[in-house]
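Novice: pasting the sequence and the predicted model now:
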Amino acid sequence: MTYIVGVTGGIGSGKTTVTDRFASHGIEVIDADVIAREVVAPGSDALKQIAEYFGPEVILPDGALNRAQLRSLVFADSDKKEWLNQLLHPLIRHRIEDALQAARSDYCILVAPLLLENQLQALVDRVLVVDVAEETQIERTTRRDNNSREQVAAIIDAQITREERLAAADDCINNELPLPEVYDQVDALHQQYLKLAKR
Ligand SMILES: CC(C)(COP(=O)(O)OP(=O)(O)OC[C@H]1O[C@@H](n2cnc3c(N)ncnc32)[C@H](O)[C@@H]1O)[C@@H](O)C(=O)NCCC(=O)NCCS
Ligand SMILES: Nc1ncnc2c1ncn2[C@@H]1O[C@H](COP(=O)(O)OP(=O)(O)OP(=O)(O)O)[C@@H](O)[C@H]1O
């Protein structure tokens, strides 16, 4: 079984920035957000159930999920969010387990925004948290996506706090720094993980 590092952080904290750097060293990255999109592919059973529960307006004319529409529905209503989580999280977990079994690099990375919320840390050997202040999360996410401050704040409220995340971390990357310094932190951890994986 490959050594597995779980990477987590709140929305817009820099998980992709960090895991792309690990991938550039040849490390396989399994991304829970990518898997979450696969389980609701057009024609999937999960997508049918979502359309039945939320109504046909959450499906686009081409049969794909209207993600912006569903985002505005679920992060405004915690019962709806719970319903969606209960449908999708077991499906996502199964696919993650299969992908981890198939991983072949010296060690591999599981990146998941909800690693700790969904007890996925049971699947990993070590937890790396990508850390920024909440204001930085809001600034970077609103700049990148078509999200309002309020929407990003609602998503942050649906996740564990920065303090809870840091308390569960074995390692931490400070992503407030300029990118070259962030990459230096990743490269140092990469060397450490290669050693841990060989034990
Ligand atoms: C509601 C959906 C359709 C909105 O899609 P959209 O393209 O706008 O966002 P995307 O999927 O890229 O998620 C953006 C970020 O929102 C946060 N987020 C997403 N889902 C959740 C959730 N259920 N609870 C808390 N935070 C969440 C994560 O930080 C994620 O990186 C989508 O987020 C979704 O399907 N969520 C349920 C599945 C899930 O929990 N995914 C998280 C990874 S396991
Ligand atoms: N150190 C940094 N300095 C400046 N900008 C950064 C830095 N790290 C990341 N960013 C930018 O911040 C935004 C969020 O980063 P990224 O997409 O890596 O976060 P994420 O945690 O994967 O986001 P999400 O949770 O939404 O999937 C991106 O636009 C990225 O280019």
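Specialist: Perfect, thanks for sending it. Ligands and ions are numbered 1, 2, ... in the order given.
Novice: roughly how far is the longest helix along the chain from the heart of the chain?
Specialist: In the chain, assigned by DSSP state H, the helix with the most residues is helix 78-102. With C-alpha atoms, centre = their mean, to the nearest Å as the basis, helix 78-102 stands 12 Å off its chain's centre.
Novice: what mean pLDDT does that helix get?
Specialist: Mean pLDDT, helix 78-102: 97.
Novice: so which residues of this protein form strands?
Specialist: Here the chain has its strands, by DSSP state E, at 3-8, 28-31, 107-111, 126-131, 171-174.
Novice: and these: which comes nearest residue 84?
Specialist: strand 28-31 (18.9 Å; C-beta to C-beta). Where you see a C-beta, it was placed from the backbone N, CA and C, and this is true even at glycine.
Novice: so how far is the closest one off the chain centroid?
Specialist: Counting by C-alpha atoms, centre = their mean, strand 28-31 comes out at 11 Å from the chain centroid.
Novice: adjacent strands (with direction) for that strand?
Specialist: strand 107-111 (parallel) (DSSP bridges).
Novice: taking strand 3-8 as reference, get the angle to the partner strand.
Specialist: Orientation check (axes from the mean of the first three to the mean of the last three C-alpha atoms, to 10 degrees): strand 107-111 against strand 3-8 gives 20 degrees.
Novice: can you tell if strand 107-111 touches ligand 2?
Specialist: No: Strand 107-111 lies out of reach of ligand 2 by C-beta under 6 Å from any ligand atom, never closer than 7.7 Å.
Novice: what angle do strand 126-131 and that strand make with each other?
Specialist: Using the same axes, to 10 degrees: strand 107-111 against strand 126-131 is 50 degrees.
Novice: does stretch 127-145 reach ligand 1?
Specialist: No: Stretch 127-145 lies out of reach of ligand 1 by C-beta under 6 Å from any ligand atom, never closer than 7.5 Å.
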